[in-house]
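J.: generate coordinates for the sequence data below:
(chains A and B)
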Amino acid sequence: METTSYLPLLIVVSSLIPGMLILLLREEQIALRTILNLAGAVAKVALIWWVFLGYMRGEEYTFVYALSPNLSFTLKIDQLGILFATLSAILWLVTTLYAIGYLEGGSNRRRFFAFFSLCVTASTGIAMSGNLITFFVFYELLTLATYPLVVHRGTEKAVKAGLTYLWYTIGGGSVLFLGVVGLFVIAGPMYFGDVDTIAGLMEENKVILTILFFVILTGLSVKAAIFPLHGWLPVSMVAPAPVSALLHAVAVVKAGAFGIVRLVYDVYGIELADEMSFLTPLAILAAFTILYGSFRALFQNDFKRRLAFSTVSQLSYIALGVAIPGVLSSTGAIVHLVHQGLMKITMFFVAGNIAETYGYYKISQLNGIGRLMPWTMTAFTVAALGMIGLPPIAGFVSKWYLSLGAIEAGSYWVVFVLLGSSALNAAYFLPIVYRAWFLEPDENVKPLQKIGRFETKLLLLVPVVITAILSLTAGIFASVPGSPLFLAREIAEKLYLP
Amino acid sequence: MIWLAVIVLPLLLAFLLLRLESSQRISGPLFFVATLPALIVALGDFEGIRIDWLLLETHFDLDTPRRILLILTSILWATASLFAGFYIKERQREFAVYFGGAMAGNFGLLIAADVPGFYTFFALMTFASYGLVVHSRTKAARRAGRIYLVMAIFGELFLITALYLAVNRADSFLLADLGPAIAEDPYGVWIFLIGLIGFGVKVGAIPLYFWLPLAHPVAPTPASAVLSGAMIKAGLVGWMHLAPVGLVEWPAIALLMMVLGFTAALGAVLVGLAQVDPKTNLAYSSISQMGLMTALLGMGMSGNIPPELLLPALALYAFNHGTAKALLFLGTALPGAVGGIWRIVMWAGLVIGVLAIAGAPLTGGLWTKYFLKTFLGEVALPGSALMLQLLTISAIATTLLLGRFLFLLGRIKAPETKNPPPYLFPWIILIFAGGWWTLNSVLLPFELADHVTKGNSLAHFFFSFGTIWDSFWPVALGAALLIATQKWKVLNRWPTAEPIIPPGDFLVFLLNSWGSFIRMGKKLRPQSWFLHFEHPDRKLYGIVRGSRTKKFSLGAEDLLRRWEVVGICFILLFMILFLILR
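T.: Prediction:
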């Protein structure tokens, strides 16, 4: 493989450089920092847009930097990568806006934004990694870049949560390392998409390749929060709202899910994985996680904790879709990578808005909040209905393809899992919607600070409206060329070409 | 573009009215305008279209039965819009949002020809009408809303399962392909049964109806009218899409639907007679009439009735019932508001509505009831002769039930004023939109008319002594029975203040009997363990929020949080699963 373009590198660097520069700034250079941040975010979106258009025209973008004869740092744009990179870039831009508004007047913002940029660098790196080694590098970078964000508040609780987070992710990382190195020894530098290599080696190394599959899967499952490795996720919601939003939508958890997608589709290959029946254990654990997460969410009164358990559940949709062979379920899994991100980031923004504006953290405090914050709660309602799987919101499209895929594969039990999860989703999201719109607010409730013309600070309101609109349009315009579904369908169809 | 306008206009209006400070005077006529594209599409002959960019490729199209239902639906929403514009006094903006949403959903599900589109609009209607049910925010409305929502989600889960399965079998997203695919599939019966349950919630079929007499009456009057007149038919549309009428011979399913249908037709009347609230009385009448429609569709599953005849007949039956039922529902707002000479118009309209549903001579109801009779005579199923008798009895029973409804309205005190309320006028329009339209050659397929009249002309059939007498005597008997109960004290057992059977009958019965069971247990053994189940929901929350659970679950989570435990277990778990399953 040879370098054909430096664009992939530029995309990664477009957030790395602002991040580094921000570290050099002083804490009170707010304007400059904001400009750097936004310039990086906008540049990244523009670059990805450029690459996206080029890719649609059929151009190739590969960047290779050889580390040793058969080990290279490779960035490559393929369909799956561009889908995930676009999601990261857009949501990063939105979250940057949100974070600027959210952290206004807070302390240590320099550190925050620096690592925030680093975190996105890692997640776009993960998206565009061309081989397993590159993937692993960015994957671990993400772990380290996120830690300062989780403990940002510096409270005892935050530090404790950070510790848990590190335990899990470093642990998961070391297991992953074991697997990646093992695979490297046997199969060489695994370029993504090159599924014939493993298939060729399968005969001779059946046992070791099987073990390596599960070892790598275990490493990835930590970030993908598959039961019983989900424990860090509900704990680390002590992080500030924009961090939780990014963590639950594109960064950490999605890196895990994306890794699983890569492992099955682009390393081992879906055909081989199915043939070797690697997928059924994954399907069972994912299905269990879906129900378990939903069930736990039911009992949380803390708004963000309920959302966190909901993420545990929703993420496993992706793993479940991957675990069922067939074009339809693969489409569902890949498209849910995007859809879950859009909907969940909206919900975390909403939780942040309410906490920032009225100081409410508990669901039982939300009576009549729709009256006070109509735009915010409309956004939440859209996202919640989407999570339940109601059309025309994005979540419906994912569920539609996952369910049809399951039926096609003859796995009828999966449909029950998905329906059960829909019912549970309704049971824990609709009460919030009901409280917000159909109960009366407390009469003497006042915002924490003056909020001006809108229901909350504009910088908090705009991102939530944008992501809600994206969740809605991803569903309504699902068939438009260039939509997440369109891309997912193309990727999935390519996977099963004879 | 007219197809899109049908759904976009109501949605747009719902959104705009929320943003603008609207006064009630404009929102009624505006919503009226929003119903016009639907009426135009229904009456005009537009070619179906495919919209590539909407959802998963949306198709809009109409066939004869859905065209008939769309005319019904647009007429009802149009009148209800005007009515609501004058009638709704509080929370108008919120009402407008839910009203517009439900309207768009109801139109959309009729014109949609693909499964995702149909399901989208069905769900939109279902969830938007929750806002209509709880509009008054009273305790009763919230309770009804809760039961409505739980049942609606229950139904959604079943119907989406049926749709998934059917789409898989048909290998097509088009609704028209579902029926044939179900007919061919060896497990088609089961797919249809799942759909029967899913859409049965909306239809109010036995045993899924109990939310209906709670939810339909508590909504504001114009909303009740569209709920019971138009939206209830959405379930029927779902059934019609899934039912492979004429393609299969499923005598068991046919019998099941017919038995359930006739049980509803007669049973709902009995419970309805025990009510004191006129709107609840009407809700039970809706269940009863939907029962007859269930039976009619069931006949189609017996094999020898062609769908070109049966489905339009079903739609026309729905048309007659829908217009008349909406007339009566809207009519419940009138006796307390209409004074002077206008009361004559009011009573005349109400009586027409009652006669139309009961199937009296010279009404559309007579005609649509004859469909039932004709097809029932043709199905070769055991018990169909008995059902013919039951049909006559149901006409008597319906007259009795709706006569009782008129009596209940009569108890409402007339106002002092001589001026009619403004919402009387849209109501009068609705009288003219009644069931006679079902005789219109635009709506009535020629073959169907020919089939039912056995080749005679419509007029000849309609004015023949035989038909008139056949339909007259059950209605007369029902009326006579009602008068007799009022005349002689011995027979006058009507409830006056409280219903004999609470609305929502068997659900309430279940909940009550649970309560009395617990109370009895309390007396006998005050310390017994099963007293924990007095309020199962509270107990659940007690367990969930209890300190012991918290400690336990935190402990469990802590254990899970120890990497060495989890990591090793996880790999082992994976490997074990792999070894077992491969």
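
J.: the residue of the stretch 1-150 of chain A found nearest chain B: which element?
T.: Closest to chain B within the stretch 1-150 of chain A is A:Thr143: 13.7 Å, counting by C-beta to the nearest C-beta. Quick note: C-beta positions are derived from backbone N, CA and C, even for glycine. Secondary structure from DSSP states H and E places A:Thr143 in helix A:132-150.

J.: just checking, what packs against the helix or strand following that helix?
T.: Downstream of helix A:132-150, the next assigned helix or strand under DSSP H and E is helix A:156-187. Where contact means 3 or more C-beta pairs under 8 Å, 6 or more residues apart in numbering or on different chains; DSSP states H and E, helix A:156-187 is packed against helix A:132-150, helix A:196-201, helix A:206-223, helix A:232-235, helix B:563-581.

J.: now mean pLDDT, mean neighbour count and distance to B:Phe506 too, for the ones you listed, in TSV please.
T.: Formatted as TSV, the helices and strands packed on helix A:156-187 follow (pLDDT from 0 to 100; neighbours: other C-beta atoms under 10 Å in any protein chain shown; distance: least, C-beta to C-beta, whole Å):
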stretch	mean pLDDT	mean neighbour count	distance to B:Phe506
helix A:132-150	89	23	53
helix A:196-201	82	15	60
helix A:206-223	88	23	47
helix A:232-235	84	25	41
helix B:563-581	67	16	44
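
J.: the helix ranked longest in chain B: which residues count as buried?
T.: Assignment by DSSP state H gives helix B:139-170 as the longest helix of chain B. Residues of helix B:139-170 classed as buried under the neighbour-count rule (16 or more other C-beta atoms under 10 Å in any protein chain shown) are B:141-142, B:144-149, B:151-170.

J.: in contact with A:Ala245, which residues?
T.: By C-beta atoms under 8 Å, 6 or more residues apart in numbering or on different chains, the contact set of A:Ala245 is A:95, A:98, A:344-345, A:348-349, A:352.

J.: next, see if stretch A:378-388 gets close to chain B.
T.: Yes - with C-beta under 8 Å from any C-beta of the partner chain as the criterion, chain B is reached by stretch A:378-388 at A:Leu385.

J.: burial of A:Pro242, as a residue count?
T.: The tally of other residues near A:Pro242 (other C-beta atoms under 10 Å in any protein chain shown) stands at 28.

J.: same question, B:Ala5
T.: If you count neighbours by other C-beta under 10 Å, B:Ala5 ends up with 16.

J.: pLDDT at the residue of the stretch 51-200 of chain A found nearest chain B, what is it?
T.: Nearest residue of the stretch 51-200 of chain A to chain B: A:Gly171, at 4.1 Å (C-beta to the nearest C-beta). Listed pLDDT for A:Gly171 reads 84.

J.: which helix or strand contains the most centrally placed residue in chain B?
T.: By C-alpha atoms, centre = their mean, chain B has its centre lying nearest to B:Ile232, at 1.9 Å. Using DSSP H and E, B:Ile232 sits within helix B:232-242.

J.: dump the helix or strand following that helix to PDB, keeping only the CA atoms.
T.: Sequence-wise, the next helix or strand downstream of helix B:232-242 (DSSP H and E) is helix B:251-273. Output of helix B:251-273 as PDB, limited to C-alpha atoms (Å, rounded to 0.1, in the frame of the first residue of the first chain):
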ATOM      1  CA  PRO B 251     -62.500 -21.600   8.300                       C
ATOM      2  CA  ALA B 252     -61.100 -21.600  11.900                       C
ATOM      3  CA  ILE B 253     -59.900 -18.000  11.600                       C
ATOM      4  CA  ALA B 254     -63.200 -17.000   9.900                       C
ATOM      5  CA  LEU B 255     -65.200 -18.600  12.600                       C
ATOM      6  CA  LEU B 256     -63.000 -17.100  15.300                       C
ATOM      7  CA  MET B 257     -63.500 -13.600  13.900                       C
ATOM      8  CA  MET B 258     -67.200 -14.100  13.400                       C
ATOM      9  CA  VAL B 259     -67.700 -15.400  16.900                       C
ATOM     10  CA  LEU B 260     -65.700 -12.700  18.500                       C
ATOM     11  CA  GLY B 261     -67.400 -10.200  16.300                       C
ATOM     12  CA  PHE B 262     -70.900 -11.200  17.200                       C
ATOM     13  CA  THR B 263     -70.000 -11.500  20.900                       C
ATOM     14  CA  ALA B 264     -68.800  -8.000  20.700                       C
ATOM     15  CA  ALA B 265     -71.900  -6.900  18.800                       C
ATOM     16  CA  LEU B 266     -74.200  -8.200  21.500                       C
ATOM     17  CA  GLY B 267     -72.100  -8.100  24.600                       C
ATOM     18  CA  ALA B 268     -71.000  -4.500  24.200                       C
ATOM     19  CA  VAL B 269     -74.700  -3.500  24.000                       C
ATOM     20  CA  LEU B 270     -75.400  -5.200  27.300                       C
ATOM     21  CA  VAL B 271     -72.600  -3.400  29.000                       C
ATOM     22  CA  GLY B 272     -73.500  -0.200  27.200                       C
ATOM     23  CA  LEU B 273     -77.100  -0.300  28.500                       C
END
